[in-house]
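Participant: after the sequence you'll find the predicted model.
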Number of protein chains: 4
Amino acid sequence: MRIGLTRAGVGEVESDERFIELAAEGGFKAVDVDAKGLVERLGAEGAVRKLESHGVTVGSIGLPVEWRAGEEEFRAGLTDLTEAAAAARALGCTRCCTYILPSTDWKPAPFMAAATRRLRICAGILGAYGLSLGLEFVGPHHLRTAWKYPFIWTMDETLDWIEAIGEPNVGLLLDSYHWYTNGHTVADIERLRPHQIVHVHLNDAPNVPAESALDNDRLHPGEGVIDLAGFVHGLHRIGYDGIVAQEVLTPSAPEETPERLVRRSKAGFDRVFAAAGIRLAGG
Amino acid sequence: MRIGLTRAGVGEVESDERFIELAAEGGFKAVDVDAKGLVERLGAEGAVRKLESHGVTVGSIGLPVEWRAGEEEFRAGLTDLTEAAAAARALGCTRCCTYILPSTDWKPAPFMAAATRRLRICAGILGAYGLSLGLEFVGPHHLRTAWKYPFIWTMDETLDWIEAIGEPNVGLLLDSYHWYTNGHTVADIERLRPHQIVHVHLNDAPNVPAESALDNDRLHPGEGVIDLAGFVHGLHRIGYDGIVAQEVLTPSAPEETPERLVRRSKAGFDRVFAAAGIRLAGG
Amino acid sequence: MRIGLTRAGVGEVESDERFIELAAEGGFKAVDVDAKGLVERLGAEGAVRKLESHGVTVGSIGLPVEWRAGEEEFRAGLTDLTEAAAAARALGCTRCCTYILPSTDWKPAPFMAAATRRLRICAGILGAYGLSLGLEFVGPHHLRTAWKYPFIWTMDETLDWIEAIGEPNVGLLLDSYHWYTNGHTVADIERLRPHQIVHVHLNDAPNVPAESALDNDRLHPGEGVIDLAGFVHGLHRIGYDGIVAQEVLTPSAPEETPERLVRRSKAGFDRVFAAAGIRLAGG
Amino acid sequence: MRIGLTRAGVGEVESDERFIELAAEGGFKAVDVDAKGLVERLGAEGAVRKLESHGVTVGSIGLPVEWRAGEEEFRAGLTDLTEAAAAARALGCTRCCTYILPSTDWKPAPFMAAATRRLRICAGILGAYGLSLGLEFVGPHHLRTAWKYPFIWTMDETLDWIEAIGEPNVGLLLDSYHWYTNGHTVADIERLRPHQIVHVHLNDAPNVPAESALDNDRLHPGEGVIDLAGFVHGLHRIGYDGIVAQEVLTPSAPEETPERLVRRSKAGFDRVFAAAGIRLAGG
């Protein structure tokens, strides 16, 4: 496993280029960035050099296709997807992730059919570029009723959906906050095969009942109540060897500087991995 | 187009063998029967001879897999499915149909994912034997609330689901009662391509508001209020060249003899097709 | 059925815009053009107006992806494919075609596996835009040994490949020259279902043995020895209602003006369809 | 990793029941048996008890479908496949394997298309029962010309074919003899992800040039020249945690008793795993 960062939790960083530097300074090995933008600005070779010189890889890109709305909007994102996937490939990134909102204003059964079809097309395109698609189930209970009808939110519902999509390169984006708010256990992680997990997000939760935890009110790893040691130890036990990237959504921008936030994040990761008894390779 | 019968609407017939004879006597060209049972009793050659000597083909078999319940039950039907498909093939039948209940006690989004996966497996198996899978959307409004959550019930929702299932041999079972109770139009039929329709059921509705029509309270073709001439003319216009099989569900067994019911059915078909200006080949 | 033109057989035409005008003047209803280029030059609305004002539709676009070479080249065409498909959709075109060379320098079994995967991805992308993918089997015998190993060239081999690709929107591009040089019959056409034919090319062959006919030495319809009346009559019988587009490959550019060539083409089509006893709708 | 046996290499054993006992006595943890036969004879519960009481699991079943011949033969095996898969599931077995002959009398490209389609159907059926399908590439050079045309034989060709088949539950059956005769390296193993390997066969080769090694003339592990320590160490490094089952094909039945052969096999495994520095769990 290698530790990484997303933009969420490190404050206002002026560019992905600066973000790469900060991550490297902080001892992180991966960043989730907009690969296409980076390649557009630096060129493929320049972007590769930037990453390599900092000893950082691109953990995952986001799926730039709007698959949760109408067919027109879905189609409109496909050209972008090919370009984002090509850029990701140029940078050696093999992961693309998207989140599943646990409720929807669309009638759920027809929406599930449409979403299955759309994500299958996305997975096929991503597969052409050697990328996997990670689907993130979202646990906070308030989002289950934020829209009219329940959709899906547990890990098993997501695994079953992945089977229905039917493409070999689709798996989970496993986020500790969603694992926690779903009431999932370490045993639930331990029955996974490592290839079922495309990407991992790490964060923590405030000391409130799990059912009340808000999606955008997270804490940095090690600063809250989630059993993150159990979480990462479970990943370690099953042989997960991908990225564990921080993602701390907060209601407002943090006050500290990015430099401080990166140090605070690293300290949190160190505490969590030490508590899990895991020694990370590569320092 | 060739006209056919299902057991629903011809009363109590003691066997599929007798049913074949009755259909032939009545001028029908196809029967929906249990191909596997027929082959078990008569042998493949015997069953073929029975059909050929009566100038009757097998229109469609039913899908013998319980895909609407749990995974265990689904699996348990797969051996049966291979045997039913083999028997259908031996009799020259190329269609297998199943109905979609418009509501379900299962949470609809996870159920849609599971059903998509299960029907894809069924379609793959059927395809190996040269069969198509027809999905019948079910229109009567009372069934939309017979179970806890709405599932799907319109033609377009079903067409979209067929795309999500993603197998080339899946299409519609288009039933006039469900077309009528959905408020679908002749224009809706005319925008279909013929290969999108695997099979057709014909029946009529009593003179009550369409939203009140009960699923099991149908009339014989030509005896009710459905614009069946428009329905079959639409099929004719798009070049549909499959079977149109009668299916009249009633709350209790009809009193008339099968012989009389078959004659009554044929008279109804003749009226409908004449009103549609369609002359059926083969007398 | 509606008759159409491709650029092959009408000489040197300076632009697709002029080509549309010529086709309309000649009484043709469809043109195979580069939809993306047309939309880039005229805008989507301008291109639609150009077509509509001439009573001409876009019959098919070509697949802009190089699927016959290496993986890198294949990937490089996917962005283009999304843009070409979007342009085709904007112009109301629903077909995209590609040809299958009957031999290859690649080892045939691994190449078939790669090509199956690549065309499945292409079909998935095209399907998102409502397009079908037509695969053209290529019959001239000399091409069977133009490259090292035989690949596939008959209609049935292509139909089986379409099943292996497994996407519902893939069918044949049926070209009379390839039907003829394969020794296929009218009965072979008549056992097809119309939806299995995405697009049709019409042309004729010189009076040489079919096995010697060269791929790029074709004649205008009605000027050679192919039983084109039987060909189009077979299409008509099965209910094919798509486009029949002329495609006359010649070793060097024809000398006549495009205007004369279009008139000659139309005369050929008229002779063929008259001989087939088919009256085309829309004059 | 757990070590297992197939019938090939332990001489004449009168039944799978005796085979299970012998394997357990020898310290092996898994057997490749005919699950369906075992369940037919002992009942599902009886078979489970037999295995559990001996501390042995079923490693893999063989694919009982003839996919290398005509369509009729393929279809004829599908009922059997559902029953074999059900039996395997009842015994907790999750693997089903088949071998790929490196040459074929069928034209290779059309055969690849047909085989792709057939194996996709098989994989779909197996997936319904929770089984994976392992495809075994076959390396010995003499088999590349045993039939008319080359098919496929390398690990990469097989991986690409697995992508073309397109089902998520298909992977490799990696056999050391085929890895060796293909000239594959430990680095080739180390670039695999563990889930890409469904099952492993272990055996050794005589001291002849690899290109001359005969498919049915293998040695017991540790008795020949294959770098089996490198092979299993590579598997260990990538986190492969499945079965490593012995498969020693010989031209004639071995003379030793099954008991002696099992002890000899175990001694061979011990030597190989010790040389690889791997300590197997569970004694």
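Facilitator: That came through fine. Residues are numbered from 1 along each chain as shown, chains lettered A, B, ... in the order given.
Participant: got the residues of chain A near chain D?
Facilitator: The interface of chain A toward chain D, taken as CB under 8 Å from any CB of the partner chain, is made up of A:127, A:163, A:166-168, A:170, A:193-195, A:239, A:241. C-beta: built from backbone N, CA, C; applies to glycine.
Participant: doesn't A:Thr154 make contact with A:Asp188?
Facilitator: No. A:Asp188 lies out of contact with A:Thr154 (CB atoms under 8 Å); the separation is 9.3 Å.
Participant: any chance of the residues of chain A next to chain D in JSON lines with distance to C:Ala84 and neighbour count as columns?
Facilitator: As requested, the residues of chain A next to chain D are arranged in JSON lines below (distance: CB to CB, whole Å; neighbours: other CB atoms under 10 Å in any protein chain shown):
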{"residue": "A:Gly127", "distance to C:Ala84": "20", "neighbour count": "21"}
{"residue": "A:Glu163", "distance to C:Ala84": "32", "neighbour count": "16"}
{"residue": "A:Gly166", "distance to C:Ala84": "26", "neighbour count": "22"}
{"residue": "A:Glu167", "distance to C:Ala84": "23", "neighbour count": "20"}
{"residue": "A:Pro168", "distance to C:Ala84": "27", "neighbour count": "20"}
{"residue": "A:Val170", "distance to C:Ala84": "26", "neighbour count": "25"}
{"residue": "A:Arg193", "distance to C:Ala84": "39", "neighbour count": "13"}
{"residue": "A:Pro194", "distance to C:Ala84": "39", "neighbour count": "18"}
{"residue": "A:His195", "distance to C:Ala84": "34", "neighbour count": "19"}
{"residue": "A:Gly239", "distance to C:Ala84": "43", "neighbour count": "15"}
{"residue": "A:Asp241", "distance to C:Ala84": "39", "neighbour count": "16"}
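Participant: so which of the residues you listed are in helices?
Facilitator: Residues of those located in helices (DSSP state H): A:127, A:163.
Participant: so which of the residues of chain A next to chain D are in strands?
Facilitator: A:Val170 (DSSP state E).
Participant: and the residues of chain A next to chain D near chain B, which?
Facilitator: Subset of the residues of chain A next to chain D in contact with chain B: A:163, A:166, counting by CB under 8 Å from any CB.
Participant: low-confidence regions, chain A specifically.
Facilitator: Applying pLDDT under 70 to chain A picks out residues A:281-283.
Participant: can you pull out the strands in it?
Facilitator: All strands of chain A, identified by DSSP E, fall at A:2-5, A:30-31, A:57-58, A:61-62, A:95-100, A:103-104, A:132-137, A:149-150, A:170-175, A:197-202, A:243-246.
Participant: before we move on, the earlier item: of the residues of chain A next to chain D, closest to C:Ser103?
Facilitator: Taking CB to CB as the measure, C:Ser103 sits nearest to A:Gly127 out of the residues of chain A next to chain D, at 28.2 Å.
Participant: verify the stated contact: the closest one with A:Glu167.
Facilitator: Yes. Using CB under 8 Å, A:Gly127 makes contact with A:Glu167 at a distance of 6.6 Å.
Participant: tell me who's in contact with the closest residue to A:Asn203 other than its chain neighbours.
Facilitator: Of all residues not flanking A:Asn203 in the chain, A:Arg218 sits nearest, at 4.5 Å (CB to CB, 6 or more residues apart in numbering or on different chains). Shown in contact with A:Arg218 (CB atoms under 8 Å, 6 or more residues apart in numbering or on different chains): A:177, A:203-205, A:224, A:247-250.
Participant: lovely, talk soon.
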